[in-house]
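Participant: this one's sequence-less:
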């Protein structure tokens, strides 16, 4: 796996040609595997003998993974993404009520208001920049980051720092000493949020989590609360940021598809689902571990192996999505449900919010700027650092009416 990342699709196609499950070498010469095929990934994500807990990661348990390993946080952060069974259900239950379809729908007016303000800011940035503005910085980022921070009661003054630190944490090419420092600073920052809410609770999810009890009367431990905040805030904005960015890129590159949406022949929800399939905001997500030697699609995955979920590859698997799987088509009748938001017990908790934010952002953007286009060629856009996230680092656009 290339720690510097890059566009994954050519490599995915090459790997898929050799099989749905392949061995990979992770940073630091750590041996792992990746599940790329749609059917194989669907099976693997819900298999009863596949775990998320770090104790199942053989190399980590044997002390062969250094502290500064760039993917260590994915394996060790306390919370839902590293919990199994009853622990996972307990942690998920304490948060899930805030992300039901009904609760998310109640956020629609707020999301629409934030979006309208950001469109004004995008227009102002373009006016100050010879007609060009970075849509990722001025629009795709502040919407999900602002909403998730507001939900958890995080002071807006912390938002820029949170995004900077989270970007370092999710990158796979962060130098070890810097990775250690970024993780420590992120935990300290979130700890200060928790301390402030413990002293002065408010009408926010952090305060609610501090007060919440599970069915057995248990509460989140300190590390679990920090881990939950880290997961919800980092994943709650990084993935939606990539989703919005990738959808805008796709529509600008496929003006015929954009015309169909603007004419009302398909919906913005169709655009979001096709983007999730065609250019998943997460390319390879770490980690899952077989708790016994496991055969997946005819390939042996040894017990304790760190396995990447290859969402971007699965989305273009021709065996599941047809021979034109590499074509962006918002009118597509799905032959298989995409897996970009996960599958099984760890299905993305924030999926309803991500869909609301993305559909609202895209409709508002292209309603106001129907002729919006990229200011540089697609192949000139700098790619996201690392192989976990899948997008570009900047998106210069000309937001013209």
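Facilitator: Nice, thanks for sending it over. On a predicted model such as this, the values are computed, not experimentally measured, just so you know. Numbers count the residues shown, from 1 in each chain.
Participant: counting by contacts, list what the strand or helix carrying residue 127 packs against.
Facilitator: Here residue 127 sits within helix 108-128, counting by DSSP states H and E. On a contact count with 3 or more C-beta pairs under 8 Å, 6 or more residues apart in numbering; DSSP states H and E, helix 108-128 meets strand 133-134, helix 142-151, helix 351-368. Bear in mind the C-beta positions are built from the backbone N, C-alpha and C, glycine included.
Participant: for that helix, buried residues please.
Facilitator: Using 16 or more other C-beta atoms under 10 Å as the test for burial, helix 108-128 gives 111, 114, 115, 118, 119, 122, 123, 125, 126.
Participant: leaving out chain neighbours, which residue sits closest to the last one?
Facilitator: Right, the one you point to is residue 126. For residue 126, ignoring the flanking residues on the chain, the nearest one in space by C-beta to C-beta, 6 or more residues apart in numbering is residue 133 at 4.0 Å.
Participant: tell me what that neighbour is bridged to.
Facilitator: Beta bridges link residue 133 to residue 397, judged by DSSP bridges.
Participant: so it sits right up against residue 399, yeah?
Facilitator: Yes: Residue 133 is within contact range of residue 399, at 6.4 Å (criterion: C-beta atoms under 8 Å).
Participant: so for these two, which residues contact both of them?
Facilitator: 122, 123, 126 (C-beta atoms under 8 Å, 6 or more residues apart in numbering).
Participant: going by distance to residue 212, which of these wins?
Facilitator: Using C-beta to C-beta, residue 122 comes nearest to residue 212 of those, at 37.6 Å.
Participant: how near is the closest one to residue 249?
Facilitator: 16 Å (C-beta to C-beta, to the nearest Å).
Participant: am I right that residue 389 is in contact with residue 170?
Facilitator: Yes: using C-beta under 8 Å, residue 389 and residue 170 qualify as a contacting pair, with a distance of 5.9 Å.
Participant: shared neighbours of those two, which are they?
Facilitator: Here residue 389 and residue 170 share the contacting residues residue 238, scored by C-beta under 8 Å, 6+ apart.
Participant: quick one: contacts for the residue located most distally from the centre of the chain?
Facilitator: The centre of the chain is farthest from one residue, residue 130, which by C-alpha atoms, centre = their mean lies 32.2 Å away. By C-beta under 8 Å, 6+ apart, no residues touch residue 130.
Participant: show the backbone phi and psi for it.
Facilitator: The phi/psi pair for residue 130 (degrees, to the nearest 10) reads phi 60, psi 40.
Participant: and of the shared contacts of residue 133 and residue 399, the nearest to residue 94?
Facilitator: Taking C-beta to C-beta as the measure, residue 94 sits nearest to residue 122 out of those, at 36.5 Å.
Participant: okay but the closest one is in contact with residue 138, surely?
Facilitator: Yes: look at residue 122 against residue 138 with C-beta under 8 Å: they come within range, at 4.7 Å.
Participant: low-confidence regions, the stretch 151-300 of the chain specifically.
Facilitator: Along the stretch 151-300 of the chain, segments meeting pLDDT under 70 span 213-218.
Participant: quick one: the strands in it, in order.
Facilitator: Ranges of strands within the stretch 151-300 of the chain are 284-290, 294-296, 299-301, based on DSSP state E, counting those that start in this stretch.
Participant: picking that back up, residue 376 is nearest to which of the helices and strands packed on helix 108-128?
Facilitator: Shortest distance between residue 376 and these, using C-beta to C-beta, is found for strand 133-134: 10.8 Å.
Participant: for the next helix or strand after that closest one, what is the average pLDDT?
Facilitator: Where DSSP H and E defines the elements, the next helix or strand beyond strand 133-134 is helix 135. Mean pLDDT, computed over helix 135, is 97.
Participant: give me the residues contacting helix 135.
Facilitator: Outside helix 135, the residues that touch it by C-beta under 8 Å, 6+ apart are 122, 245, 248, 395, 396, 397, 399.
Participant: and stretch 231-240, by the same measure?
Facilitator: Stretch 231-240 is contacted from outside by 77, 79-81, 95, 141, 143-145, 148-149, 152, 154, 162-163, 166-167, 169-170, 190, 205, 281-282, 348-350, 353-354, 357-358, 389, using C-beta under 8 Å, 6+ apart.
Participant: can you read off the pLDDT for residue 305?
Facilitator: Residue 305 is given a pLDDT of 98.
Participant: excluding chain neighbours, what is closest to it?
Facilitator: Of all residues not flanking residue 305 in the chain, residue 33 sits nearest, at 5.4 Å (C-beta to C-beta, 6+ apart).
Participant: quickly list what that neighbour is bridged to.
Facilitator: residue 23, residue 307.
Participant: which parts of stretch 247-258 are buried?
Facilitator: 247, 248, 249, 250, 251, 252, 254, 257, 258.
Participant: and what of stretch 201-220?
Facilitator: Across stretch 201-220, burial judged by 16+ other C-beta under 10 Å covers 204, 205, 206, 207, 208, 209, 212, 220.
Participant: what sits against the fourth one?
Facilitator: I take that to be residue 207. With C-beta under 8 Å, 6+ apart, residue 207 has these contacts: 153, 197, 201.
Participant: now flag whichever of the buried residues of stretch 247-258 is closest to residue 49.
Facilitator: The closest of the buried residues of stretch 247-258, once distances to residue 49 are taken by C-beta to C-beta, is residue 247, at 36.0 Å.
Participant: surely the closest one and residue 360 touch.
Facilitator: No: Residue 247 is beyond contact range of residue 360, at 12.0 Å (criterion: C-beta under 8 Å).
Participant: before we move on, what SS does the residue nearest to residue 176 when sequence neighbours are not counted have?
Facilitator: Among residues not flanking residue 176 along the chain, residue 68 sits closest, at 2.7 Å (C-beta to C-beta, 6+ apart). Here residue 68 is recorded as coil under DSSP: H, G, I helix; E, B strand; the rest coil.
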